[in-house]
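Engineer: Show me how the following folds:
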Amino acid sequence: MKFPLYLLMALLLTSCATSPQSAVSQHSSASRLYTQADVFPLLPGRQPDLIPAPLPPRVRYRLADDATVNRLAARLAAGLTSADPSLYGDLVLVQPGAWSHLKSNLTLDLKDAANLTMMDPAQGVKDGLENGLPGRVFRSRHAVELLAAELSRRLREDGGFHVRALKTREMAKWWIYIGFNIEEPVYVVASEGGKYRFIVTFSRDRVFGLDELNGLPGEG
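Structural biologist: Next up is the predicted model:
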């Protein structure tokens, strides 16, 4: 069974609507959608590496509060270092950029993962999802445990990593593949050797989505 990404993201947005994090942001400027025409607030409570770069054209971006962004960045770094499977949610979208790297070393069966397809911008909608970019929906604890170990191993073998915000060119590249608003908490996990730039998104304080920019076609 194949899941188009937009249906899974609708499910995510519904689940986030009643989370404590969303309840906080609804009463602050964090609920606003920013565009290239806007200037981000100063974000004085945020670690410098976690302040997003100026937005590129067309991208819309929603901030989370500084405390949440700092806290989940620290949780992400600790969980990736220790290969902790509790970092991940019960359902994890392994999007095509990440799947292009991880698929060679992960042995999964049908109960572990469903197919996920994203549109390839180079092909357009004329060819439909059947000719899109393949990913997986991880939906078992066994799959998540494999993912946690494999991701930690790859980052360690490329010299370690650091967690930061998205850069302008990274937003521009990633957005054309996802086609929806970029919403915090979202991070880039960049390996020190330069091989990986994993994009990690959270839902209810656990990792929900995983992509990788170097594994997607195009520059950025």
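Engineer: who's in contact with Ser152?
Structural biologist: Shown in contact with Ser152 (C-beta atoms under 8 Å, 6 or more residues apart in numbering): Leu80, Thr81, Ser82, Ala83. (C-beta placed from N, C-alpha, C; glycine too.)
Engineer: Most neighbours among those residues, which one is it?
Structural biologist: Among the contacts of Ser152, Leu80 has the most neighbours (other C-beta atoms under 10 Å), with 22 neighbours.
Engineer: Skipping adjacent residues, who's closest to that residue in space?
Structural biologist: Nearest residue to Leu80, sequence neighbours excluded (C-beta to C-beta, 6 or more residues apart in numbering): Ser152, at 5.7 Å.
Engineer: what's near enough to touch Arg206?
Structural biologist: Ser86, Leu87, Tyr88, Gly89 are the contacts of Arg206 under C-beta under 8 Å, 6+ apart.
Engineer: Would you mind putting those into TSV with distance to Pro41 alongside?
Structural biologist: As requested, these are exported to TSV (distance: C-beta to C-beta, whole Å):
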residue	distance to Pro41
Ser86	32
Leu87	29
Tyr88	31
Gly89	29
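Engineer: Let's see which of these end up in strands.
Structural biologist: Tyr88, Gly89 (DSSP state E).
Engineer: buried subset of the contacts of Arg206?
Structural biologist: Among the contacts of Arg206, those classed as buried by neighbour count (16 or more other C-beta atoms under 10 Å) are Leu87, Tyr88, Gly89.
Engineer: for the protein, what spans make up the strands?
Structural biologist: For the chain, the strands defined by DSSP E occupy 2-4, 33-34, 61-62, 88-94, 113-118, 133-138, 161-164, 182-183, 186-191, 197-203, 206-212.
Engineer: picking that back up, of the contacts of Arg206, which is the nearest to Leu106?
Structural biologist: Proximity of the contacts of Arg206 to Leu106 (C-beta to C-beta) peaks at Tyr88, which lies at 13.5 Å.
Engineer: tell me which residues form a beta bridge with the closest one?
Structural biologist: Applying DSSP bridges to Tyr88 gives these bridge partners: Val207.
Engineer: From what I see, it and Arg141 are in contact.
Structural biologist: No. The criterion here is C-beta atoms under 8 Å, and Tyr88 misses it with Arg141 at 9.3 Å.
Engineer: Just the terminal-to-terminal distance for stretch 85-105.
Structural biologist: Start and end residues of stretch 85-105 are separated by 17 Å (C-alpha to C-alpha, to the nearest Å).
Engineer: Report the distance from that stretch to the chain centre.
Structural biologist: 10 Å (C-alpha atoms, centre = their mean, to the nearest Å).
Engineer: pLDDT value on the closest residue to Leu151 other than its chain neighbours, please?
Structural biologist: Nearest residue to Leu151, sequence neighbours excluded (C-beta to C-beta, 6+ apart): Leu80, at 6.6 Å. Looking at Leu80, its pLDDT is 98.
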